[in-house]
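K.L.:
Attaching a predicted model along with its sequence, questions to come.
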Amino acid sequence: MARILLVESGVERPGSFVYQVYPPTGLMYLAAYLRQKDPGHQLRLRDFLIERRPAPALADEVQSFRPDLIGIHAMSFQASHLLRLARVAKAARPEAEVIAGGPHPTIDPASVLLPGDVDAVVLGEGEATFADIVSRLAQGQDLAEVPGTVVRRNRELVRGPERPFLENLDQLPFPAWDLIDPSRYFADRVLNQNDLRWRREVATLFTSRACPYGCIYCHNMFGKRFRPRSPGNVLAEIELLAAEHGIREFHFIDDCFNFQPERAKAILQGILDRGLDLKLAFPNGIRGDRLDDELLDLMKRAGTYKINFGIESGSRRIQKLIQKGLDLGVIEDAIARTAAAGIFTHGFFMLGFPGETEAEMRETIALACRSRLHTAGFALLSPFPGTRVRQMAEERGIAIAYRPEDTSYAQLSANLSAVDDAALLRLHREAHRRFYFRPGQLGRILRAMPRRSDLFRLARRHYRLKFV
């Protein structure tokens, strides 16, 4: 049986700002699935994001554990650290296979494979592919034909056949929580994408995979066909985490939790029926046009204290262009009803869409300011590899200064809009200034926050925004 070391990438500078520190659920799913298929393997997991240690620290773990396979996960902001970890791993144990997966290797496998320290990349949904890799390595087989992979052969990249997505997510075992210490993620110093916390004992939940909408700026990690877990399966995991790990707050990080409103209602009703005393948040955002009064009431009664809304633009033309398809009147009403229910609201916006004019950007700023949102984030559009907007930039010959490790969204990596760079940056600063510096807005935020002490979290989360 193989010794397998799973590693969550950290950041290039251990003391730098990171906003998305959650348990490494993706790696924990890989481990659980592998155990289900073949329970004899020895598994270890190291999370460099929570440890905040530099990449060379991996060498001691590799030399002591002597793994046959090292799997490294990275999102875009972890890209540089991924490459350093792979270099350290190969130097410490050249005979080990180094496999990379996650959003960044999926969208840009060439940048991960060509430096020479990563042997294969797992594309997209990784459980079945990773288990296939482990099985083939045990039999001494080549990885070039493994579906769902890209491998390097003599400076050439060889892509395996497409792997179909898992159809029944209820067949996935729950993540391997025993491989980590959940309490490490409870500390007040740990920031996460939600900004706020009602309770310390937080865990994340994926109750579905994939978003069926076609937004031109978004990833395609899990395909475009919504694949939900059943309410009973989700509730079983919630009960297990509450009972075995003392989890008292859950952050739902689905791409589109309420795509099927009746399923969402069944999950929330199940929490109420079981008498679970929980707090809930939805940091990845929900569809405001699928939030009826019954669903909102269930969310509130089940313990929801924060909902993020993906809005992106206040221009109807831009909504159509980016294939978001929101009815802006409906979304404003959903935000107002949510705020009236006593739930903290946050809105996601972007500036700089292809051909977007100054007037259209001002429509976005105006919508945010007249809404009942408590907080808002205005991102500069970033054309990530593998997206339609990236293709549009390349077709237009627009220079792209893409830096995957920069996730502040306050850096201009490419300007596809109808205004020049200076005007776009000025509008970006103005958006935040107008939204947050309105009379009474700080008071609204403070009154709605679960804990006043979390104001520091919000300030730290947004400290790189340029207000002036």
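P.N.:
Perfect, I can see it now.
K.L.:
okay, CA-based contacts and neighbour counts for the rest of this
P.N.:
Noted.
K.L.:
Give me the below-cutoff pLDDT ranges for this structure.
P.N.:
Counting by pLDDT under 70, the chain contains low-confidence ranges at 13-20, 188-194, 402, 404-409, 453-454, 456-468.
K.L.:
The same query, at a cut-off of 50, please.
P.N.:
Scanning the chain for pLDDT under 50 picks out the ranges 15-17, 463-468.
K.L.:
care to break it down by domain?
P.N.:
3-159, 183-461 (automatic domain parsing).
K.L.:
Of the ones you listed, which is nearest residue 167?
P.N.:
domain 183-461 (7.1 Å; Cα to Cα).
K.L.:
Centre of the chain to the closest one, how far?
P.N.:
Mean C-alpha position of domain 183-461 versus that of the full chain (Cα atoms, centre = their mean, to the nearest Å) differs by 11 Å.
K.L.:
hang on, the earlier thing: please render the domains of the chain as JSON lines that adds distance to residue 175 and mean neighbour count to the earlier fields.
P.N.:
Shown next, in JSON lines, are the domains of the chain (distance: least, Cα to Cα, whole Å; neighbours: other Cα atoms under 10 Å):
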{"stretch": "domain 3-159", "distance to residue 175": "4", "mean neighbour count": "20"}
{"stretch": "domain 183-461", "distance to residue 175": "9", "mean neighbour count": "18"}
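K.L.:
got a markdown table for those, with distance to residue 168 too?
P.N.:
Conversion of the domains of the chain to a markdown table gives the following (distance: least, Cα to Cα, whole Å):
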| stretch | distance to residue 168 |
| --- | --- |
| domain 3-159 | 13 |
| domain 183-461 | 7 |
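K.L.:
if we compare these, which one ends up closest to residue 173?
P.N.:
domain 3-159 (6.0 Å).
K.L.:
measure the closest one end to end?
P.N.:
For domain 3-159, the first and last residues are 26 Å from each other (Cα to Cα, to the nearest Å).
K.L.:
Equivalent analysis for stretch 321-335, please.
P.N.:
Span of stretch 321-335 from end to end, Cα to Cα: 23 Å.
K.L.:
for the domains of the chain, which one sits closest to residue 169?
P.N.:
domain 183-461 (5.5 Å).
K.L.:
circling back: quick one, which of the domains of the chain gets closest to residue 170.
P.N.:
domain 183-461 (5.6 Å).
K.L.:
so what's the nearest residue to residue 209 once chain neighbours are set aside up against?
P.N.:
In space, and not counting its chain neighbours, residue 209 is closest to residue 227: 5.2 Å by Cα to Cα, 6 or more residues apart in numbering. Contact analysis of residue 227 by Cα atoms under 8 Å, 6 or more residues apart in numbering lists 167, 168, 169, 208, 209, 210.
K.L.:
a helix runs through residue 294, doesn't it?
P.N.:
Yes: according to DSSP: H, G, I helix; E, B strand; the rest coil, the state of residue 294 is that of a helix.
K.L.:
Roughly how far does it sit from residue 361?
P.N.:
Distance from residue 294 to residue 361, by Cα to Cα: 33 Å.
K.L.:
Surely residue 323 touches residue 214?
P.N.:
Yes: using Cα atoms under 8 Å, residue 323 is in contact with residue 214, at 5.7 Å.
K.L.:
ranges for the strands of the stretch 151-300 of the chain?
P.N.:
156-159, 202-205, 208-209, 227-228, 249-252, 279-286 (DSSP state E, counting those that start in this stretch).
K.L.:
can you dump the C-alpha coordinates of the second one into CSV?
P.N.:
To tie it back to what came earlier, the one meant is strand 202-205. What follows is strand 202-205 as a C-alpha-only set of coordinates in CSV (Å, rounded to 0.1, in the frame of the first residue of the first chain):
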residue,chain,number,x,y,z
VAL,A,202,-17.1,27.0,12.0
ALA,A,203,-17.1,24.4,9.3
THR,A,204,-17.8,24.6,5.5
LEU,A,205,-20.3,22.6,3.6
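K.L.:
Run me through the strand neighbours of it, direction for each.
P.N.:
strand 249-252 (parallel) (DSSP bridges).
K.L.:
export the contacts of residue 227 to TSV and tack on distance to residue 333?
P.N.:
Listed next are the contacts of residue 227 as TSV, based on distance: Cα to Cα, whole Å:
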residue	distance to residue 333
167	35
168	35
169	33
208	26
209	27
210	26
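K.L.:
farthest-separated two in those residues?
P.N.:
Farthest pair in those, by Cα to Cα: 168 and 210, 13.1 Å.
K.L.:
What segments of the stretch 151-300 of the chain are helices?
P.N.:
Assigned by DSSP state H, counting those that start in this stretch, the helices in the stretch 151-300 of the chain fall at 231-245, 261-273, 293-302.
K.L.:
Need the distance between the two termini of stretch 135-150.
P.N.:
17 Å.
K.L.:
can you check stretch 159-177 too?
P.N.:
32 Å.
K.L.:
Stretch 134-150 now?
P.N.:
End-to-end for stretch 134-150, by Cα to Cα: 15 Å.
K.L.:
what's in contact with that stretch?
P.N.:
1-2, 69, 109, 120-124, 129, 132-133, 151, 157-163.
K.L.:
Over to stretch 173-185?
P.N.:
21-23, 25, 28-33, 36, 44-45, 50, 201-202, 237, 245.
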